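*Asks:* Sequence and predicted structure below; questions after.
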Amino acid sequence: MKLAGMTASIAGKAAKNSLKHLSSDEEKRLQARSELMQDVGIQIAETLGEMKGAVMKVGQIASQYKDVFPPEVATALEKLQKDAPPMPYAQIRIQVERELKAPINELFTEFEETPFAAASIGQVHKATLPSGQKVVVKFQYPDVDENCDSDLKQVRMALKIAGVLNMSRDLQDQLFKEIRQSLHDELDYIKEAHNLQVFGAFHAGDEGLIIPKVISSHSSKRVLTLTQEMGETLAVASTWDNDIKQKIAQRLFHFTAGQLFGLYRMHCDPHPGNFAFRSDGSVVAYDFGGVRSYSDSEVQLFRRFARHAIKGDVTALEQDLIALGVRREDDKNIPGEFYETWLAIGLKSLSIMPYQEGAFDFAKSQVHHEAIAKMRTSLKYFGQFQPSAVTMMLDRTVSGQYWNLVNLGVKIDLSPLVYEYVEV
């Protein structure tokens, strides 16, 4: 009922906005649309933020796909990334005992009633097994998985009515299929347990990259018990010496790039809460529900795109973008200067620009501000680009890791790692 009310309210606002500005000039219409999008974004964020489960998770996932939504909506949805209020222990106990088919005091000798992490679809508690092993228990809120498809459908309808989804029906279907699959994957703890085992084996030889191990005897589709691997938050890590932060940055880079180019599968939820950090530069990675697999041809296209970007070959770059589904196939010409300017912004933080000397200081990064400023002068070309189902999860991951490095405040030259993976 809350979602239906939100949809009806947005429909009314959108209709009123269209009628009010029928005779306005283009500048006033654009300004009015921007104000409408701000209002819609706040309303969606507030409505979804009141609700646990799949509804809120849909909003969180949507907030990470900034290329899909207008910036006003994406900005409002970002507030959903914050921790959700926890569920009472009495309900947790019932859910854990139902899933694991035994009393909680037989399953665990200790079980902390207060969670140390709570999110949209579940929460995490520290516990101790009868063997004495320290573990964490991640459990899913009741009935979340049963409602996710209808919740996603309602959110899509609200966005469509508001005019937020300015793209073809086919592309909408592709993008929301990707979001739906991501949501279903995160709700299936059996699949996440398998992912943890696969990624744990892949990174087994990587010193300083730590992935918790699954305790299968205490896990099910809605309860996941893992070895307790603790560390500090990103905020604490940002206060450490730069040499330690460089080790962390290198491991975060290798964590993502190594998986993409070596495993063809990638952890696609780089939210800072999904990592913990130790004072020796080690990184602990959590939450392997959101994983995306890629074909060999897709990975080779990503590698080719990166090579052309580094070399500044804008003709080849445009063909890569068409192949990726980002650049629309039309006869409208986009000048090379457009691509060159965006490359200058994008490659700066990797310290591989011709004029960039030494390490890049992420603490002082202006890349995101430069991108926003450039958008205002490039609007006439943006209609020739569109979100891509192939790159959506990759975009989410790369942008998330960029912000992790900004918040870490590291000063580092990443070009050696870039060259290693892209094979320039």
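*Replies:* Looks like it came in fine.
*Asks:* Give me the residues contacting stretch 364-371.
*Replies:* Stretch 364-371 is contacted from outside by 345-346, 348-349, 402, 406, using Cβ atoms under 8 Å, 6 or more residues apart in numbering. C-beta here means a position set from N, CA and C on the backbone, and glycine is covered the same way.
*Asks:* which one of those sits closest to residue 225?
*Replies:* Taking Cβ to Cβ as the measure, residue 225 lies nearest residue 402 of the contacts of stretch 364-371, at 32.8 Å.
*Asks:* Around the nearest residue to that closest one once chain neighbours are set aside, count how many other residues there are.
*Replies:* Nearest non-adjacent residue to residue 402, counting by Cβ to Cβ, 6 or more residues apart in numbering: residue 349, 6.7 Å away. Other residues within reach of residue 349, judged by other Cβ atoms under 10 Å, total 21.
*Asks:* Surely residue 349 and residue 362 touch.
*Replies:* Yes - applying Cβ atoms under 8 Å as the test, residue 349 and residue 362 come out as touching, 6.9 Å apart.
*Asks:* overlap in contacts of those two?
*Replies:* By Cβ under 8 Å, 6+ apart, residue 349 and residue 362 have these common neighbours: residue 405.
*Asks:* tell me the contacts of the residue nearest to residue 402?
*Replies:* Contact analysis of residue 349 by Cβ under 8 Å, 6+ apart lists 360, 362, 365, 367, 402, 405, 414.
*Asks:* now those residues in TSV, with neighbour count, pLDDT and secondary structure?
*Replies:* Shown next, in TSV, are these (neighbours: other Cβ atoms under 10 Å; pLDDT from 0 to 100; DSSP: H, G, I helix; E, B strand; the rest coil):
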residue	neighbour count	pLDDT	secondary structure
360	22	92	strand
362	22	92	helix
365	17	87	coil
367	16	83	helix
402	17	91	helix
405	23	95	helix
414	21	93	coil
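*Asks:* Next one: residue 340 from residue 314, what distance?
*Replies:* 6 Å (Cβ to Cβ, to the nearest Å).
*Asks:* meant to ask about residue 384
*Replies:* 14 Å.
*Asks:* In terms of neighbours, single out the busier of the two.
*Replies:* residue 314 (19 against 16).
*Asks:* Find the nearest non-adjacent residue to the more buried one, please.
*Replies:* residue 339 (4.1 Å).
*Asks:* Now the helix or strand harbouring that neighbour: buried residues?
*Replies:* Using DSSP states H and E, residue 339 sits in helix 336-348. Of all the residues in helix 336-348, those buried under the rule 16 or more other Cβ atoms under 10 Å are 338-339, 342-348.
*Asks:* which among these gets closest to residue 143?
*Replies:* Lowest distance from residue 143 to the buried residues of helix 336-348 (Cβ to Cβ) belongs to residue 346, with 42.6 Å.
*Asks:* Does the closest one touch residue 309 like I think?
*Replies:* Yes - Residue 346 lies in contact with residue 309 (Cβ under 8 Å); the separation is 7.2 Å.
*Asks:* show me what contacts residue 316?
*Replies:* By Cβ under 8 Å, 6+ apart, the contact list for residue 316 reads 304, 308.
*Asks:* Tell me which helix or strand it sits in.
*Replies:* Assigned by DSSP H and E, residue 316 belongs to helix 314-324.
*Asks:* So which bits of stretch 200-213 are buried?
*Replies:* Neighbour count says stretch 200-213 has 200, 202-203, 208-212 buried, by 16+ other Cβ under 10 Å.
*Asks:* List of residues touching that stretch?
*Replies:* 136, 196, 199, 226-229, 247, 251, 254-255, 258-259, 262-263, 280-286, 288.
*Asks:* Out of the residues you listed, which end up buried?
*Replies:* Among the contacts of stretch 200-213, those classed as buried by 16+ other Cβ under 10 Å are 136, 196, 199, 226, 229, 247, 251, 254-255, 258-259, 263, 281-286, 288.
*Asks:* if we can go back for a sec, max pairwise distance over the buried residues of helix 336-348: which two?
*Replies:* 338 and 348 (16.8 Å).
*Asks:* Surely the residue nearest to residue 314 touches residue 320?
*Replies:* No - Residue 339 is beyond contact range of residue 320, at 10.8 Å (criterion: Cβ under 8 Å).
*Asks:* Which neighbours do the two have in common?
*Replies:* By Cβ under 8 Å, 6+ apart, no residue touches both residue 339 and residue 320.
*Asks:* Show me the contacts of stretch 200-213 that map onto strands.
*Replies:* Judged by DSSP state E, the subset of the contacts of stretch 200-213 located in strands is 136, 226-227, 283-285.
*Asks:* The nearest residue to residue 103 once chain neighbours are set aside and residue 218: what is the separation?
*Replies:* Counting by Cβ to Cβ, 6+ apart, residue 103 lies nearest to residue 97, which is 6.1 Å off, once chain neighbours are set aside. Separation of residue 97 from residue 218 (Cβ to Cβ): 12 Å.
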